[in-house]
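Participant: return atomic coordinates for the entry below.
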Amino acid sequence: MQKIFALVFMALMANPLAAQDSAEGDAAGVPPIIFPADQVDLNEFLWIKRPLIVFADAPADPQFLQQMEFITARLDALDARDVVVITDTAPDAGGDLRRQLRPRGFMLVLMGKDGTIYLRKPFPWDVREISRTIDKLPTRQREMREEQQGDS
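Facilitator: Now for the predicted structure:
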């Protein structure tokens, strides 16, 4: 199963348009939350979304594949927390995110809606742990209180 996922993911990453099409949601109504780094600007998400940036030196990096497997298995949990996933597997491209965050090999970065970096991990992290970290952020705490008040 992991080999099939790896092949499908590598095929999608080889063609940015195909990756964008796959990120546009599926029949279950999952909104697009995964984007290649060269197609986004972090300023687009300021105060709207929490960027989760996944860096790797190649699309076939085993850590990258494992992280994307974790993410795609729990897109609903990330979407509920206003997360957008940004992938960068092209170190030679020298994109703005790489210059700003300076990853070495695989790196996972979680940013808050205000642009603050809250987490840097040099290894894949389960979405459950990412969700717990997000749920401890002050902005998320306020959002959860507002959701509870809205349900009352």
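Participant: can you name the element that comes right after the lowest-mean-pLDDT helix or strand in the chain?
Facilitator: Between all helices and strands in the chain, the lowest mean by mean pLDDT, DSSP states H and E belongs to helix 16-22, at a mean of 40. Downstream of helix 16-22, the first helix or strand assigned by DSSP states H and E is strand 34-36.
Participant: CA atoms of the strand or helix carrying residue 79 as PDB?
Facilitator: If you go by DSSP H and E, residue 79 is part of helix 75-80. Extracted as PDB, the C-alpha positions of helix 75-80 are listed here (Å, rounded to 0.1, in the frame of the first residue of the first chain):
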ATOM      1  CA  LEU A  75      -7.200  16.000   6.300                       C
ATOM      2  CA  ASP A  76     -10.500  16.600   8.100                       C
ATOM      3  CA  ALA A  77      -8.700  17.200  11.400                       C
ATOM      4  CA  LEU A  78      -6.400  19.700   9.800                       C
ATOM      5  CA  ASP A  79      -9.200  21.500   7.900                       C
ATOM      6  CA  ALA A  80     -11.200  21.800  11.200                       C
END
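Participant: SS state for the residue positioned nearest the centre of the chain?
Facilitator: For the chain, residue 85 is the residue whose C-alpha lies nearest the centre (CA atoms, centre = their mean; 2.0 Å). Look at residue 85: counting by DSSP: H, G, I helix; E, B strand; the rest coil, its state is strand.
Participant: go ahead and confirm it touches residue 71.
Facilitator: Yes - the criterion here is CB atoms under 8 Å, and residue 85 meets it with residue 71 at 5.7 Å. In this view, the C-beta of every residue, glycine as well, is placed from N, C-alpha and C.
Participant: overlap of the contact sets of those two?
Facilitator: Counting by CB atoms under 8 Å, 6 or more residues apart in numbering, the common neighbours of residue 85 and residue 71 are 34, 52, 54, 78.
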